[in-house]
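Engineer: Got a predicted structure here, sequence first:
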Amino acid sequence: MKSDDNFIVGRLKSIKYAAKGAWLLVTTEHSIIVQIVIAIIMTIIGFYMELTATEWLFQIFAIGLILVAEAANTAIEYLCDFVHPEFHKKIGFIKDIAAGIPFIAAIIAVIIGLILYVPKFII
């Protein structure tokens, strides 16, 4: 029974650390804050345009994809800055690749948005 208690306590601690990380992202990272504002705007538009359940799934996926990509980029940039605070060509290369993560996610989100919303305006 003792090992089960440790497992549960460990999972609860993991959830606590994850929630803390999410809170730090939402309250300190400007790119995440901007994306959350855009997500709120798109959610309001989604209600106004009366998205179907399936359309909501795609919109929520696109929003989540952007937020996860921004979080990954932020984590990689912080790690790079911690490991090598001064400018270094290879660190710059790594950070550029990391910046490509939200860029690719944004392209996918825009495509999803166009697929969802353009037909609603062409009636």
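Structural biologist: Nice, thanks for sending it over.
Engineer: so residue 57 is in which element?
Structural biologist: helix 53-83 (DSSP states H and E).
Engineer: mean confidence for the top helix by length along the chain?
Structural biologist: If you go by DSSP state H, the chain has its longest helix at helix 89-121. If you average the pLDDT over helix 89-121, you get 96.
Engineer: just stretch 20-30 next, same as before
Structural biologist: On average, stretch 20-30 scores 95.
Engineer: contacts for that stretch?
Structural biologist: 32, 33, 36, 70, 71, 74 (C-beta atoms under 8 Å, 6 or more residues apart in numbering). The way it works is simple: take the backbone N, C-alpha and C, and place the C-beta from them, glycine included.
Engineer: Can you mark which positions in the helix holding residue 57 are buried?
Structural biologist: Within helix 53-83, the residues that count as buried by 16 or more other C-beta atoms under 10 Å are 55, 58-59, 62-63, 65-67, 69-71, 73-74, 76, 80.
Engineer: counting contacts, what elements does it pack onto?
Structural biologist: helix 2-28, helix 30-48, helix 89-121 (3 or more C-beta pairs under 8 Å, 6 or more residues apart in numbering; DSSP states H and E).
Engineer: what two of the buried residues of helix 53-83 are the furthest from one another?
Structural biologist: Distance extremes for the buried residues of helix 53-83: the farthest pair is 55 and 80 at 37.7 Å, using C-beta to C-beta.
Engineer: Pull the contacting residues for the residue sitting nearest the centre point of the chain.
Structural biologist: With distances taken as C-alpha atoms, centre = their mean, residue 67 lies nearest the centre of the chain, 1.2 Å away. Counting by C-beta under 8 Å, 6+ apart, residue 67 touches 32, 35, 36, 39.
Engineer: Surely the first one and residue 71 touch.
Structural biologist: I take that to be residue 32. Yes: the pair residue 32 / residue 71 is scored as a contact, 6.9 Å apart, by C-beta atoms under 8 Å.
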